[in-house]
Every structure is written in structure tokens, then in C-alpha cells.
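Q: need a 3D model of the sequence below.
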Amino acid sequence: MAEAFDNPLERYQIMDPLGRGGSGHTFRAVDRATSQQVAIKVLSLRDVGGDWKRFDLFEREVAVLRTLDHPGIPRFLDSYSSEGTGDFFLVMELCDGRSLRQHLAEGKRLSAARLRALLDQGLTILEYLHGLSPPVIHRDIKPANLVLDVEGRLRLVDFGGVKRAAHQDGGTTVIGTFGYMAPEQLHGEAGPATDLYALGATIVALHAGTEADQLPHDGLRIDLAALSLPPPLEPVLRHMLEPDPRERVRSVAEVRRLLDAPARERRPTPVSPTRMVEPPVAEPPTTALAVTSGLRSLARVPAPLSVLVWLLSAIGAGGLTVFQVVLLPLIVAIARQFSRNEPATERARLEGNLAQLEATVGEARRSLSYVAKETHPIRDER
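A: Numbering: from 1, shown residues only. Next up, the predicted model:
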């Protein structure tokens, strides 16, 4: 017969630590009433200081976990507090197993079939969370928060950054982990596509055997071409890891459609009727450029001035291409390296500036390419 405990402080015996996050420390504990092992997250007001956002996130995690019921998510069991010490406790089902971060630490490379299986299990969990009303967004999916239990099931843990999609956070708090969080999280935005980006980055990191912030980048994009991903997964992960959320897959259903479709059909569903689908060429189409009247006028100057315009625009476009492909990724990598120890707000500002720089360079290169093409001396005259 289970022993009754009126005081939860006596019921749960905290044992060894399991992990530490932004909204508290997690410990392995024993429920003396059932003799079962549980996980307890503890947030102390002494650690909060003046950052009450951490307390808000803890309360939100408790409230959201109460409503969740899925085998891939730890079950809510209890919550209580100690008025004497100012400590708050969240009791959850213990997901006993090994985190995927431990696989990274061991340098193990996973097979394509294993990566696909992990992706499928992760999508199943997100399908449940995003299918709630309103959708629940985890916002911190990464190898450390994905645990393979003793039965081989994938479990998503640490809901300390969770939010309901219908609720706005406000403020400047950045939730997520650099390398895994989508660019829009730097501006406080998050939706189902945000979790899909993080899951995609996790799969790529597991393939490469290194954390996502150490992966090669091409501007703001993870350079998937340099990683030799399994051919069936590469186009799907590319769509999951689009920096622009408007171009990224937006739902689990869309990812599953891409996984099941023949390679030639692996394109994301358009967001709107006006969204352009990328053609299978290396260079962005010139129709993606907003051709202004100024560009049209410059591209239509009469000969022999057109030869000079063509020469200068071609040299400029070539120089910007070299800068965008060779120098810009180096500048981005150096800037990120020097900002690793900066406050989150400073890093967020830096990422915004880098994104603006990449957009400006890309727009200038496309403009010069358009002018060079339209003023080419041997172009067909019509």
C-alpha cells in the first residue's frame, strides 16, 4: 500500500542532477509514495534576480505540460512550492535514456535509415504539438532536448521555452539555442515553421557529428552541399532550413509530403498564389528582382554607351558574386565567433545586421547582373 504524504516537500526525495536550463535545474528524484523515479525541475527565486521572465517561463511550462498527453512528451505529475525557501517545483515523468547530444559527443555518424527514423519520430511529436488549438511551439529543439529512452522511443524534453502560438511574448528575451534556432526567433517570432527548422538543424548536426553552430555556412544558410547528406533527405532538409520563414515548409504534413514524393517533386507548397517557385538553375531568376524604372533605363542606353555600361555592370556583378560566395561567409563566421560571449541582445542585433548585409549584397548583385544581361553587346535585338 502506497504511503500517503500530505507535504510534497517530504514526498519527493531529490537525487542526482540531470541538466540545467534557462528556467531551472532538473534532477532525478524518487516519489516516496509510489517508489517510482521521477524528474523534478526546480526554480529558485534566489537565481531569478531581477529577471522575472524566467519565472514567467517556468509558470508557462507548468501550465502547458498539464494539458499535454503524448508518449513522446514527459507526463506532468505534480507541482508545488516552498514558501520558506522561495523554490518552485515541477514534477514530471522521468525520460530515462540517452540524449542525442551524447551521440554527438561520441562522434558517432548515423546511417541514412537511422536519421530518417529520428526525423519521423520528431515529426510525430511536432504533429501533435502543432495540431493543438492554439498550437504549442517548443522553441528549443536540439540534440540535448531529444532523448532516446530504453525502448528506443524519441522523447522531447525541457519545455522551458514553450509558448502558445496565439500568445505574444513581447520584450527582448531570445528563446532558443544558437545554431538550432530559426532566424526569426532573434526578433521574438515563433511558429510551427520555427520548430521544423530546429528539427532539421538537429538531423543535419547528427549527420555531421557536430553541434549546429559549428556547421559550415553560406551566408545565413547552413551549407548543406558541403555535408554530403543522404540524397533522399537532402532536398527535404533544405526546405526545412530555409532562413526565410516565407520560403520554408510550414507544417509537418508538408514535410511528410516531401519525404514521400519522388525527388523531382520535392518542392514546398506555395505560401500564396504570388509566391515564386525556384527553377532548377544555379542563379536566381532575374524575374525575382524588382526591376525599377531606373534599372530599365540604365539597361537600355544606346550604343556605344551600352558597351561601357555592360562592361562596368559585368565587372561589378562578378566582384559582388566573389564577395558573396567567398568573403561574406568568412565575415559572418568571424563576426559570430567574436560575438559568442556577448549578451543575447547584442548577438541578436548582430544577426539582424548580417541578414541585412546579405540581403543588400544579393540585391546589388542581381541588379548589376540584370543590367549586364540587358546591355550585352551581342544580345538579340528585338
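Q: chain center to stretch 5-17: distance?
A: 36 Å (C-alpha atoms, centre = their mean, to the nearest Å).
Q: number the chain from 55, please
A: Okay, residue one is now 55; in that scheme the one you just asked about reads as stretch 59-71.
Q: domains of the chain?
A: The chain breaks down by automatic domain parsing into domains covering 62-147, 151-319, 343-428.
Q: quick one, helices of the stretch 155-304 of the chain?
A: 166-184, 246-262, 288-294 (DSSP state H, counting those that start in this stretch).
Q: now do the first one against helix 246-262, angle only.
A: Orientation note: helix 166-184 sits at an angle of 160 degrees relative to helix 246-262 (axes from the mean of the first three to the mean of the last three C-alpha atoms, to 10 degrees).
Q: what residues sit buried inside helix 166-184?
A: Within helix 166-184, the residues that count as buried by 16 or more other C-beta atoms under 10 Å are 169-170, 172-173, 175-177, 179-184. In this view, the C-beta of every residue, glycine as well, is placed from N, C-alpha and C.
Q: about what we covered before: now the helices of the stretch 155-304 of the chain in a markdown table, with mean pLDDT?
A: Shown next, in a markdown table, are the helices of the stretch 155-304 of the chain (pLDDT from 0 to 100):
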| stretch | mean pLDDT |
| --- | --- |
| helix 166-184 | 96 |
| helix 246-262 | 97 |
| helix 288-294 | 96 |
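Q: state the distance from residue 270 to residue 243.
A: Distance, residue 270 to residue 243, using C-beta to C-beta, to the nearest Å: 26 Å.
Q: what does residue 118 give?
A: Relative to residue 243, and taking C-beta to C-beta, residue 118 is found at 19 Å.
Q: who's more crowded, the two?
A: residue 118 (18 against 14; other C-beta atoms under 10 Å).
Q: the more buried one reaches residue 218, doesn't it?
A: Yes. Taking contacts as C-beta atoms under 8 Å, residue 118 lies within contact range of residue 218: 7.2 Å.
Q: about what we covered before: what's the most buried one of the domains of the chain?
A: domain 151-319 (a mean of 18; mean count of other C-beta atoms under 10 Å).
Q: contacts only, for the nearest residue to residue 78 once chain neighbours are set aside.
A: Distances taken as C-beta to C-beta, 6 or more residues apart in numbering put residue 97 closest to residue 78, at 3.9 Å, once the chain neighbours are dropped. Residues near residue 97 by C-beta atoms under 8 Å, 6 or more residues apart in numbering: 77, 78, 79, 108, 109, 112, 141, 142.
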